[in-house]
Each structure stands twice: as C-alpha cells, then as structure tokens.
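Q: Structure for this input, please:
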Amino acid sequence: MQKKDVIYIDVEDDITAIIGKVKGAKEKIVALVPPKRTGVFQSAVNLRLLARTADKAGKRLVLITGNSSLASLAATAKIPVAKNLQSAPKLADMVELDEDEEDVIEGNQLPVGEHAGLKDDDAEEIIVPEDLEALNVDDAPKPIKPARGEAAKAKNRIKVPDFGTFRKKMAFAAVGGVLLIAFLFWAFAIAPHATIVVSAKTTPVDIDTTLSIGDSLSTDSSKNTLATTTQTDKQTGQSVQFDVTGTKDVGTKASGTVVFMNSDNSADVPLSAGTYISSGGNNYVLQSQVTVPGATIKNKQIIPGQSSAVQVIATDIGSDYNTPANAIFSAPGDLTATSSAGISGGDKHTAKVVTADDVQNALDQIKQQNTDAEKKKILDEFSKDVKSIDSSFTMTTGTPQLSPGIGEEVTSGNKAKVTVDVTYSMIGIDKSVLEDYLNSAINDQLGNDNQKRIYDNGASLAQFSEYQAAGDNNKPATVRIKATGQVGIKIDDNQIKDQVKGRRSGEVIGNLKSIDGVSDVDVKLSPFWVSGVPDDVKKITIEFKLLTNG
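A: Just a heads-up that it's a prediction; the model follows:
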C-alpha cells in the first residue's frame, strides 16, 4: 500500500490556498476532503487547475465526496472520487459543457450539498478513519465516457438568460457609476486643501502697567483704562450660630418709698424728680417731685414738716443697695428721709453677653463657608470669551440681624445667632476688549510702524495682579497687567495665498523663504492624493509659527 496525504479543505480556503496545500503534500497520493458548503469546487476551472497542478507536481488527486453532482464535475477534470477514505476511487460520469458556456455549476442542474436545497440524507456523510491505508488510487478505473446520445443532449441544451439578474447588475452598475462620479468630484474639486505654515522671526514687546478698570469705563490705551464686566451672586439669609465671649454684671436695682422730714426750716422745701438721697454711702434717685412742708412751733416745741411718701430707686444694681426698715437717708436742704419698709429688690450676677468682636468673627465665618463654591459658581457664569481677574473676587454683607443684640445677655446656653445677606462678585474682561487694548498698547510702542506686524498680542497669557477695589470719591478699581506680544516683519496672508495658489510644494517653499523675516515654510496638502496647492484661495490656510529673537 502506498502512503497518502489527506488534505481537509476549510470553508474559507480559496483555490490559491488549496493549490499551495497540494504542492506542499509530501506523498504522491493526495486525498482532498471538501466541506459541505464550499464554493471553490463549484467551478470546473478550479478543478482543472488543481488537476494540472497535481500533474506537474507528480501528485495523484482523489476527491472525497458523497455528492454525485460534485463527483460529475470532478470527472470533467479527470479527478477520481471516493465516497470515503475506505472506498476505492473511480471516475464518475461527467456532463460535458459547451465551450461558450460559463464554467459555473447552475444550481438547478448540478447541486452541491445544501446549495441546491438537498436534504442532509441525500448526500452521504464523509467518514474519515484513522487508518488512511485503505485509500489507493493506483487501481482507479479509466474514465467512463457517457453515451453519445447523453452527451449530445447535454451539449445541445438551450440556456435561458436570467433577465432579472441582468437588470440587477445594470442597476448596480448605474449606482456604482454615480457614486464613482460623486467621489471623483469630491476628491478633486472639494476635498483638496493646503495649509501653509510660515515660521516667522519675531521680537517680544512687553506690556507692564497699572490700569483703571470699571464697568462704566471705556478701553483706552493712552489713558490706561479698561472696560470690564462684573458678575455677582447674592445669597440671602445666610446665618450661623456662634459662641459669645463678653461678660458683664447684670441684675436689678433696689427700690422703695421714703418720707421726707423738715425740722430746721419753717418754709416749704420743694424737691424735683432726680434728686439724690443717700444712705450708707449708696445713692438713690427720687422718681417724682415732692414738697416738704416747713417746721412749726406748738407749745414751744418744734414740730417737723412731713411730706407724703415718694418712690426712690438705687443708682446701681446689687444687693448692697437694699436697706432695713426705718432706714434714715440724708437729703438736700438739711432734710432727712426715712423708709418704714426699707429699700429692697437689689440683685447682681455676672452674665455672658454678645460683643462686637463676636459678631465680626461670625460674619468672617459665613464668608469662609461658601467662598470656594461661590467663586466657582461665578467663574462658571462667565462666558468662555471672558478672562476673569481672580484677585477681584470679593464679598459684601448687608446689615446683620443679631439674636440677642450686642451687650445683651445670652439666655440660651452660650450661643448667639447672626443672619445676614451676602453678595459675591468678581470682575472679568472680555477677550476681544483685552486684545484691542494690547494691540493698541503695542502699536503705541512701535510708533505705528507700517512695516511691522503683531503676530501675537499676548492676550492668551496675560496676567493680572495687585487688584485694588474701588474707593471713595468715585475712585475706580485698579489692577496691574503683564503681557508679552510678538512683533515681526509685516507679511500679508492674502498676498501669500495669491502667491502660492496652484503651485507645487517646492515652488511655494522657495518663493516664501525669500521673504524677509521668513525663516522656514512647511506645506501640508490633504488628502494624500493632492499634489499641489489648490487654485481656490478659500481652500488655503495660512498659519504662523513664531520664532522669538529676544
């Protein structure tokens, strides 16, 4: 028994891959095992190519299949078939094809596997045993030619054209033609674009000055004024509880009634409200006016004049002002006073009270609570075209509402409460306004030199510092600005576009590098098939790459 190679064909294999496998086979006899759904073996040309390749390589092919249609097609290429690797190979009956017919099996004539709607049991399953020695094509019979009548019928069969397929092909061809024309128009009329990058030599120009800024000001480089926009956000009813640190003595004043006596004066003595009397070094204040009658003599005895009872109140708080019953008080005009019930009710203790410093600390605490969040909120409200002055972020408070008030005793624990409206604000500068100012300021330094051009006014990297808020007497706010512009030889973009349109990259580079102030030139063409700068200046973009000299 001769040795053999068995080659299993994958569904994805094309005829080139199969030919390569046949050439690479080590044995003389090569068995090809195709899958059920392979399209490669539907073409007689492919089978003939395989047979020719095997013959040149000194190989003998055997096709392992149980499909009679595929076996018949293999016979046209003189390739023997076997139902399985254990069966003896033989040439099947073949159907002759006209030379002018397409070399493709038609589904209704030569079905292959499931392509023709065969049931699975119509084709025998290929069995691949481990022992491949059963396959021997040395004894394969010679091809059996079909009867002359059968061949004549097959050859003379009339092939009916499929007009539906023809119409579909024509429709696809028309659509493809339109798409091709559209693509070509886009590719050569619309898509071409050129970007010319000019490396220009520039010199820095520094701007460092203090500006007066304000929403009502106009931008004027000669006056160093800059128009601004202010963004605000008001938060009402911001409150916080705080500990109080103040102390003071609080309490009540002693009070009572006294009766005045006049022993030394026969005339009436009037006393006004607010008159002071004293006892034991403590002073008391008369709460209403009273008249003390003068003294009289009866039976050679002096009878003192006596007033009606009148209320007095101690001048200070504390129990030290309380007196016992029948206490005697000295009064103006050599008068005396007595209190039959005594002066009482005086009391004093040390209490916690609100101080002005306590209130200020509480307001500072409110400011610190929302500073970061409010700053971010205002920054978000600025448009992308506004450059903010971060140091201008401020907050102002309205009139605080206190409970209890300054100097009043805290009756609930050691806490007081302050409530206040807070307004946050920040100043910003519109980028176009900033650029106008910087352009004007740089031109002022250049003296309006027509041969120079500002390539970068420095607005993107401008820095603000030393902000001072507006003061009294309508004094505006101020801020220091630092920026660096780039100035070089004047090169006109439109002139460059007119000069480079329709030219090749080499010409563009050579012409532009001859311009004073141009260091280098780079031409970028797109898409990749574009070989020159478009004739339309609208499709040309000029970019400047700055090379600083200073």
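Q: Please make it C-alpha for all contacts and neighbour counts, starting now.
A: Will do.
Q: Am I right that Gly471 is in contact with Ser212?
A: No - assessed by Cα atoms under 8 Å, Gly471 is found out of contact with Ser212, at 11.9 Å.
Q: so what's Asn439 up against?
A: Applying Cα atoms under 8 Å, 6 or more residues apart in numbering, we find Asn439 in contact with 454, 457.
Q: repeat that with 10 Å
A: By Cα atoms under 10 Å, 6 or more residues apart in numbering, Asn439 lies in contact with 221, 433, 454, 456-459, 485.
Q: Equivalent analysis for Val420, please.
A: Neighbours of Val420 in contact, by Cα under 10 Å, 6+ apart: 235-240, 363, 366, 397-402.
Q: What backbone torsions are found at it?
A: phi -150, psi 150 (degrees, to the nearest 10).
Q: For the closest residue to it other than its chain neighbours, grab phi and psi.
A: Leaving aside its chain neighbours, Val420 sits nearest to Pro400 (4.7 Å; criterion: Cα to Cα, 6 or more residues apart in numbering). Backbone geometry at Pro400, expressed as degrees, to the nearest 10, gives phi -70, psi 140.
Q: Ile15: neighbouring residues, count only.
A: Neighbour count for Ile15, taken as other Cα atoms under 10 Å: 15.
Q: ok so, going back, pull up the gap between the residue nearest to Val420 and Thr236, please.
A: Note on Pro400: its distance to Thr236, by Cα to Cα, to the nearest Å, is 11 Å.
Q: what's the domain layout of the protein?
A: 4-156, 230-246+353-427, 249-351 (automatic domain parsing).
Q: Using TSV, please lay out those together with mean pLDDT and distance to Leu217.
A: TSV is the format used below for the domains of the chain (pLDDT from 0 to 100; distance: least, Cα to Cα, whole Å):
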stretch	mean pLDDT	distance to Leu217
domain 4-156	66	78
domain 230-246+353-427	87	12
domain 249-351	92	54
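Q: Which of Gly471 and Ser212 has more residues huddled nearby?
A: When Gly471 and Ser212 are compared for neighbours, Ser212 comes out ahead with 22 against 9, by other Cα under 10 Å.
Q: What pairs with whichever helix or strand that one is part of, parallel or antiparallel?
A: Using DSSP states H and E, Ser212 sits within strand 193-214. Partner strands and pairing direction for strand 193-214 (DSSP bridges) are strand 225-227 (parallel), strand 477-489 (antiparallel), strand 518-526 (antiparallel), strand 540-548 (parallel).
Q: quick one: average pLDDT of that strand?
A: Strand 193-214 comes out with an average pLDDT of 91.
Q: what about it, distance to the chain center?
A: Centroid separation between strand 193-214 and its chain, computed with Cα atoms, centre = their mean, to the nearest Å, is 28 Å.
Q: And the helix or strand in which Thr257 is found, what's buried?
A: Counting by DSSP H and E, the element that carries Thr257 is strand 246-262. Neighbour counts using 16 or more other Cα atoms under 10 Å place 246-247, 250-251, 253-262 of strand 246-262 among the buried residues.
Q: now do stretch 283-290
A: So, applying 16+ other Cα under 10 Å, buried residues of stretch 283-290: 283-287, 290.
Q: chain center to that stretch, what's the gap?
A: On Cα atoms, centre = their mean, the centre of stretch 283-290 falls 78 Å from the chain's centre.
Q: Would you mind measuring the gap between the ends of it?
A: Using Cα to Cα, one end of stretch 283-290 lies 18 Å from the other.
Q: and the longest helix seen in the chain, what other elements does it pack with?
A: When the chain is parsed with DSSP state H, its longest helix is helix 163-185. Of the remaining helices and strands, none touches helix 163-185 by 3 or more Cα pairs under 10 Å, 6 or more residues apart in numbering; DSSP states H and E.
Q: Averaged pLDDT, it. What do you get?
A: Here the average pLDDT along helix 163-185 is 87.
Q: what comes into contact with that helix?
A: Taking Cα under 10 Å, 6+ apart as the rule, helix 163-185 contacts 186-187, 189-191.
Q: Wait, a strand at Thr232?
A: Yes - counting by DSSP: H, G, I helix; E, B strand; the rest coil, Thr232 is located in a strand.
Q: Please state the backbone phi and psi of the nearest residue to Phe393 once chain neighbours are set aside?
A: Ranked by Cα to Cα, 6+ apart and with sequence neighbours excluded, the top spatial neighbour of Phe393 is Met426, at 4.4 Å. According to degrees, to the nearest 10, the main-chain angles of Met426 amount to phi -150, psi 150.
Q: Quick one: neighbours of Met426, just the number.
A: Met426 has 21 nearby residues by other Cα under 10 Å.
Q: and it, bridged to which residues?
A: Beta bridges link Met426 to Gln231 when assigned by DSSP bridges.
Q: From Ser392, how far off is it?
A: 5 Å.
Q: Helices along the stretch 51-200 of the chain, start to end?
A: Assigned by DSSP state H, counting those that start in this stretch, the stretch 51-200 of the chain shows helices spanning 68-76, 148-156, 163-185.
Q: tell me the SS of Glu12?
A: Classified using three-state DSSP, Glu12 is coil.
Q: returning to what we had before: and which of the contacts of helix 163-185 is nearest Lys3?
A: For these, the closest approach to Lys3 (Cα to Cα) belongs to Ala187, at 59.7 Å.
Q: ok, Gly447 - contacts?
A: Ala441.
Q: Retrieve the pLDDT associated with it.
A: Note on Gly447: pLDDT of 82.
Q: one step back: who are the neighbours in contact with the residue nearest to Phe393?
A: 229-233, 375, 378-379, 382, 388-395.
Q: Now with 8 Å, please.
A: Neighbours of Met426 in contact, by Cα under 8 Å, 6+ apart: 230-232, 378, 388-390, 392-394.
Q: repeat for Val521
A: By Cα under 8 Å, 6+ apart, the contact list for Val521 reads 196-199, 509, 512-513.
Q: try 6 Å this time
A: Counting by Cα atoms under 6 Å, 6 or more residues apart in numbering, Val521 touches 197-198, 509.
Q: Same question for Asp430.
A: Contacts of Asp430 by Cα under 6 Å, 6+ apart are 385-386.
Q: That one pairs with what?
A: Val386.
Q: Hmm, Ile29 and Arg60 touching each other?
A: Yes - with contact defined as Cα atoms under 6 Å, Arg60 counts as touching Ile29 (4.8 Å).
Q: So for these two, which sits in the more crowded spot?
A: The neighbour comparison of Arg60 against Ile29 (other Cα under 10 Å) goes to Ile29, with 23 against 20.
Q: hmm, back to that, take the strands paired with strand 193-214 and lay them out in TSV including mean pLDDT and distance to Asp334.
A: Converted to TSV, the strands paired with strand 193-214 look like this (pLDDT from 0 to 100; distance: least, Cα to Cα, whole Å):
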stretch	mean pLDDT	distance to Asp334
strand 225-227	94	80
strand 477-489	92	71
strand 518-526	90	113
strand 540-548	85	103
